[in-house]
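Student: Here is a sequence with its predicted model. Questions after.
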Amino acid sequence: MTNSIRMSRRGLMIAGAAALATPWLGRGAMAATTLRYGHMHTPNSIAGAQAEWFAEAVAEKSDGGIRIQIFPNSQLGKLQELAEAVSTGAIAFSHNTAGAIGSLYEPFAAFDTPYLYRDVAHLLAVTDADGPVMQPLNEGLIAASGTRVIYGFYFGTRQLTVNRPVLKPADLAGQRIRAIPFPIYMATVEGLGAVPVPVDWSEVPTALATGVVQGQENPLNVILTANLADVQSHLILTGHTSAAQMVMMNDDVWQRLPDAQKEAITQAAAETRARASTEMQESEASDLEALRGRGMTVIDESGDLDLNAFRESVQARIATEFDSRYGEFYAQVAAIS
């Protein structure tokens with residue numbers, strides 16, 4: 001990014017943040033501040049519900065001093081647009097993939113590396129906003145984009161859906177699979193053996209129904225709540241990417257808040273992170289059974305799925321493009337207990 005572009009973005013951030021903070025600045029510190037939170041998910045998904053939980057917790061802990069308005073279902077923009085909107089200050093909050101945040105600060109995309117985390121506890125330790133891995137990257141994100149991650153919650157483990165039996169990467173040869181339109185996701189789908197097609201989440205159901213793509217990959221809760229069983233017949237438990245959704249906040253808005261309101265947001269973030277992560281973990285088994293009940297054929301290792309072949313293929317593809325960039329990060333992640 002050139003200095004002129006960086007300066008232009010910074011100017012937009014300041015202008016946008018000032019507009020967002022106007023109710024508070026105009027009425028004094030005791031008046032309610034209204035901030036907008038945009039995201040891509042349905043309100044009935046856990047990812048969508050946690051935004052509401054966060055808003056409720058912030059209102060409670062700030063004694064009504066901060067009101068957060070939630071705009072789900074990509075009402076305020078698509079993946080890239082939401083990340084940019086937080087950066088410019090058009091909205092105060094959004095949750096997004098680490099890969100999308102990587103469009104603002106490239107090293108952040110490493111958090112969404114497939115087959116990276118040992119388990120959910122390891123993922124949550126790595127993505128702790130105050131932890132040794134996240135903290136320096138967050139400082140880089142603030143400097144590069146004027147946004148900060150205030151918490152990351154377990155979003156689930158991404159699985160593959162298609163309209164045919166798949167047991168090994170070769171079975172996906174020539175199959176067009178929707179990929180989140182950022183490099184690490186495109187490479188992951190290639191590693192699975194398929195042809196990655198970048199499609200924004202808001203367009204996925206239509207792309208599947210019309211045959212633009214023949215499959216997609218997402219956590220079970222998203223597959224269920226988005227009714228993808230209506231357009232996909234097979235669920236392949238590749239378990240390729242365990243991920244956190246990162247809740248972003250515009251840093252100028254954060255800096256303008258009084259200390260008591262910052263503390264309210266910090267407390268609400270910790271509470272919501274724990275609640276959403278627990279809910280997502282507890283839902284995975286029931287979501288799987290619900291998808292079976294919706295008629296999906298589930299293929300796992302007990303059904304001859306060659307999970308090692310998928311793991312080796314994906315890791316080999318990732319290594320060719322990302323090990324040179326993220327090798328130090330991967331070593332830090334491995335060292336987290």
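Tutor: Looks like it arrived, so ask away.

Student: Direction included, what does the helix or strand where residue 154 lies pair up with?
Tutor: When secondary structure is defined by DSSP states H and E, residue 154 falls within strand 147-162. Based on DSSP bridges, the strands next to strand 147-162 in the sheet, each with its direction, are strand 216-218 (antiparallel), strand 234-250 (antiparallel).

Student: Convert that strand to PDB, retaining C-alpha atoms only.
Tutor: Output in PDB follows, covering the C-alpha atoms of strand 147-162 (Å, rounded to 0.1, in the frame of the first residue of the first chain):
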ATOM      1  CA  THR A 147      -9.200  -1.400  13.300                       C
ATOM      2  CA  ARG A 148      -8.600  -3.600  16.300                       C
ATOM      3  CA  VAL A 149      -9.900  -7.100  17.100                       C
ATOM      4  CA  ILE A 150     -11.600  -7.100  20.500                       C
ATOM      5  CA  TYR A 151     -12.300 -10.800  20.600                       C
ATOM      6  CA  GLY A 152     -12.400 -14.000  18.600                       C
ATOM      7  CA  PHE A 153     -14.900 -16.800  19.200                       C
ATOM      8  CA  TYR A 154     -14.900 -20.400  18.000                       C
ATOM      9  CA  PHE A 155     -16.700 -20.400  14.700                       C
ATOM     10  CA  GLY A 156     -16.700 -24.100  14.200                       C
ATOM     11  CA  THR A 157     -14.700 -26.500  12.000                       C
ATOM     12  CA  ARG A 158     -15.200 -26.200   8.200                       C
ATOM     13  CA  GLN A 159     -16.600 -29.200   6.400                       C
ATOM     14  CA  LEU A 160     -17.300 -29.800   2.700                       C
ATOM     15  CA  THR A 161     -20.700 -30.100   1.100                       C
ATOM     16  CA  VAL A 162     -21.200 -31.500  -2.500                       C
END
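
Student: and residue 153, which of the strands paired with strand 147-162 is closest to it?
Tutor: Checking the strands paired with strand 147-162 against residue 153 by CB to CB gives strand 234-250 as the closest, at 5.9 Å. C-beta coordinates here come from the backbone N, C-alpha and C atoms, glycine included.

Student: so what secondary structure elements neighbour the very next helix or strand once past that closest one?
Tutor: Stepping forward along the backbone from strand 234-250, the first helix or strand reached (DSSP H and E) is helix 251-256. Using 3 or more CB pairs under 8 Å, 6 or more residues apart in numbering; DSSP states H and E, the elements in contact with helix 251-256 are helix 3-27, strand 147-162.

Student: so where do the strands sit in the protein?
Tutor: When secondary structure is read from DSSP state E, the chain shows strands at 33-38, 66-71, 93-96, 147-162, 176-179, 195-198, 216-218, 234-250, 297-299.
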